[in-house]
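S.K.: Sharing a model that was predicted from the sequence below.
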Amino acid sequence: MGRLGEFWVVICVLFVLSKWGVESFELDGFSSKNSSKVSLLESLSHLESVYGVSAAAVPPNALMVALTLVPGAAVKGAVCLDGTSPGYHLHRGFGTGANSWLIQLEGGGWCNNIRSCIYRKTTHRGSSTLFEKQIPFTGILSNKPEENPDFFNWNRIKIRYCDGASFAGDSENKAAGLQFRGHRIFLAVVEELMSKGMRNANQALLSGCSAGGLASILHCDEFRSLFPGSIKVKCLSDAGLFMDAADVSGGHTLRTFFDGVVSLQGVGNTLPKTCTNRLDSTSCFFPQNLIGSVKTPLFLLNAAYDSWQVQESLAPPTADPQGNWHDCKLNNQRCSSSQIQFLQGFRNHMVSAVRGFSSSRRNGLFLNSCFAHCQSERQDTWFADDSPILNNKPVAIAVGDWYFDRASIKAIDCAYPCDTTCHNLVFK
């Protein structure tokens, strides 16, 4: 497909999404079957924001929280792809939550080669000059007890994502003007928050959605090490369980993509040694190879038919050039019986991957059989009258029960289509 054709494909995607009511998305480049160009996996990372807060209408009374840039971050080399300072949004806790801290790591795809990272640094995923000055805090970040019963009065922070490697890279490409400093960003922002009171925390939770959910797994034990052993510290990964799975053509689209991310951005140097001592660095960027060795209590919140993975890992156009999966990816009700059978195999793979993890008393699990992605940031899927339910508990209650040790949460849903409470994502 020529560049003009690629452009009109993108325009058509924008038009469809605008009709659907999506407020914003990210576009990391143009798609192409030619591997020398930016791949569709990169170009359609707009799905990261489609599946997040922007996929649902933001409540009119949603709390808007201002951006803060980290002073002195550049001196530490803690900078976005384009060399600008990283940032975060902080809403102070109050009452009984004044000394409790919740850190949410933003998601937003990855970049795996020079071309896609150069494009990314011209977006809000690579430059703080393009960050929104205010963002809505909904779901797990809400300050209203009726929307966020357990964490509403905590200090709640969203750390912005501008590196493209799940806050894990540490290298640079001077010729291309690219800084891959995600790990330094994570450390610099956490240090800044420590100076603002987090060092006095009596309890803390590190969470994240999608690429941020992967980051919360990667940095979980590191985050725990920053606090005294007497302080309760746990981690939550929402939609971060990216599987090393075969695509519909028998290839490994996501593994190939992650291999580029890891090698380009120097991720191998920051990955947990408990994994890299036995596996290659790319394998250690897949959560299924990490979760068994995380020592800190960890909660996995994931849709068994994760929509992002269905669209970009299992059935991307490169693996489905005839478009046989096109309708199925837009709407799960349009999937054929053979396609559902393939997706059941993916679910079985995910369930198998968490079996050992779930046997630990300290860990939590909420694996619902939905076609969704990122359920903690959206109010409708976190805690609302019609939220998804598993074992008679919505996500917010399940996470709260686990965090506060009120109950053991090891919830794995029955296979599709048994769950009628799902908020399945449909692309029209």
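M.R.: Alright, I've got the coordinates.
S.K.: Find the residue ranges of the protein scoring beneath the pLDDT cut-off.
M.R.: 1-57 (pLDDT under 70).
S.K.: At which residues are the strands of it located?
M.R.: 63-69, 87-91, 100-105, 134-137, 155-159, 171-173, 178-180, 203-209, 232-238, 298-303, 364-368, 389-390, 393-394, 410-412 (DSSP state E).
S.K.: Dump these to CSV, plus distance to Gly197 and mean neighbour count.
M.R.: C-beta here means a position set from N, CA and C on the backbone, and glycine is covered the same way. Formatted as CSV, those follow (distance: least, CB to CB, whole Å; neighbours: other CB atoms under 10 Å):
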stretch, distance to Gly197, mean neighbour count
strand 63-69, 14, 16
strand 87-91, 10, 22
strand 100-105, 8, 26
strand 134-137, 18, 20
strand 155-159, 7, 26
strand 171-173, 32, 17
strand 178-180, 29, 26
strand 203-209, 11, 27
strand 232-238, 16, 25
strand 298-303, 24, 27
strand 364-368, 27, 24
strand 389-390, 35, 20
strand 393-394, 30, 20
strand 410-412, 34, 19
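S.K.: and Ser128, which of those is closest to it?
M.R.: Closest approach to Ser128 among the strands of the chain is made by strand 87-91 (5.1 Å; CB to CB).
S.K.: which strands and helices sit next to the closest one?
M.R.: Applying 3 or more CB pairs under 8 Å, 6 or more residues apart in numbering; DSSP states H and E, we find strand 87-91 packed against strand 63-69, strand 134-137, strand 155-159, helix 182-195.
S.K.: how about these, which one is nearest Leu367?
M.R.: Here strand 155-159 is closest among the helices and strands packed on strand 87-91 (CB to CB), at 24.6 Å.
S.K.: any idea of the angle that closest one forms with strand 63-69?
M.R.: 60 degrees (axes from the mean of the first three to the mean of the last three CA atoms, to 10 degrees).
S.K.: Please enumerate residues in contact with strand 155-159?
M.R.: 65, 86, 88-93, 97-98, 100-106, 135, 137, 140-141, 143, 167, 185-186, 189, 193, 197-198 (CB atoms under 8 Å, 6 or more residues apart in numbering).
S.K.: same check, this time on stretch 144-153
M.R.: Applying CB under 8 Å, 6+ apart, the contact partners of stretch 144-153 are 63, 93-98, 100, 102, 138-143, 205, 379, 382-384, 396-397, 399-400, 403-404.
S.K.: Go through it and flag the buried ones.
M.R.: For stretch 144-153, the neighbour count (16 or more other CB atoms under 10 Å) marks Lys144, Glu147, Asn148, Asp150, Phe151, Phe152, Asn153 as buried.
S.K.: Mind picking the one among those residues that's closest to Phe286?
M.R.: Phe151 (28.5 Å).
S.K.: so how far is Leu102 from that closest one?
M.R.: Separation of Phe151 from Leu102 (CB to CB, to the nearest Å): 5 Å.
S.K.: give me the beta-bridge partners of the closest residue to Val58 other than its chain neighbours?
M.R.: Nearest residue to Val58, sequence neighbours excluded (CB to CB, 6 or more residues apart in numbering): Pro136, at 4.7 Å. In this entry, Pro136 is beta-bridged to Met64, by DSSP bridges.
S.K.: okay, now the nearest residue to Pro394 once chain neighbours are set aside: neighbour count?
M.R.: In this structure, Pro394 finds its nearest non-sequential neighbour in Ser387, 4.0 Å apart by CB to CB, 6+ apart. Neighbours of Ser387 under the rule other CB atoms under 10 Å: 19.
S.K.: now do Gln311
M.R.: Quick note: Gln311 (other CB under 10 Å) scores 25 neighbours.
S.K.: Just to check, it is in contact with Lys329?
M.R.: Yes. Proximity of Gln311 to Lys329 meets the contact threshold set by CB atoms under 8 Å, at 5.1 Å.
S.K.: The closest residue to Glu377 other than its chain neighbours: neighbour count?
M.R.: Nearest non-adjacent residue to Glu377, counting by CB to CB, 6+ apart: Gly139, 4.5 Å away. As a burial measure, Gly139 scores 28 neighbours (other CB under 10 Å).
S.K.: where's Gly139 relative to Leu102, distance?
M.R.: Taking CB to CB, one finds Gly139 at 11 Å from Leu102.
S.K.: try Asp401
M.R.: Noted for Asp401: a distance of 16 Å to Leu102, by CB to CB.
S.K.: Would you point out which residue is most central in this protein?
M.R.: Centroid check for the chain by CA atoms, centre = their mean gives Ser210 as the closest residue, at 1.4 Å.
S.K.: neighbours around the residue nearest to that residue when sequence neighbours are not counted, how many?
M.R.: For Ser210, ignoring the flanking residues on the chain, the nearest one in space by CB to CB, 6+ apart is Gly107 at 3.2 Å. By the criterion of other CB under 10 Å, Gly107 has 29 neighbours.
S.K.: Restrict the contacts of stretch 144-153 to the buried ones and give me that as a ChimeraX selection.
M.R.: Buried residues within the contacts of stretch 144-153, by 16+ other CB under 10 Å, are selected in ChimeraX with:
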select :63,93,97,100,102,138,139,140,141,142,143,205,379,382,383,384,396,397,399,400,403
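S.K.: Ser408 against Ser360, yeah?
M.R.: No. No contact is recorded between Ser408 and Ser360 when judged using CB under 8 Å, the distance being 10.5 Å.
S.K.: about what we covered before: using a markdown table, please lay out the strands of the chain together with distance to Val354.
M.R.: Below are the strands of the chain laid out as a markdown table (distance: least, CB to CB, whole Å):
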| stretch | distance to Val354 |
| --- | --- |
| strand 63-69 | 33 |
| strand 87-91 | 30 |
| strand 100-105 | 21 |
| strand 134-137 | 29 |
| strand 155-159 | 26 |
| strand 171-173 | 32 |
| strand 178-180 | 30 |
| strand 203-209 | 18 |
| strand 232-238 | 11 |
| strand 298-303 | 6 |
| strand 364-368 | 6 |
| strand 389-390 | 14 |
| strand 393-394 | 18 |
| strand 410-412 | 8 |
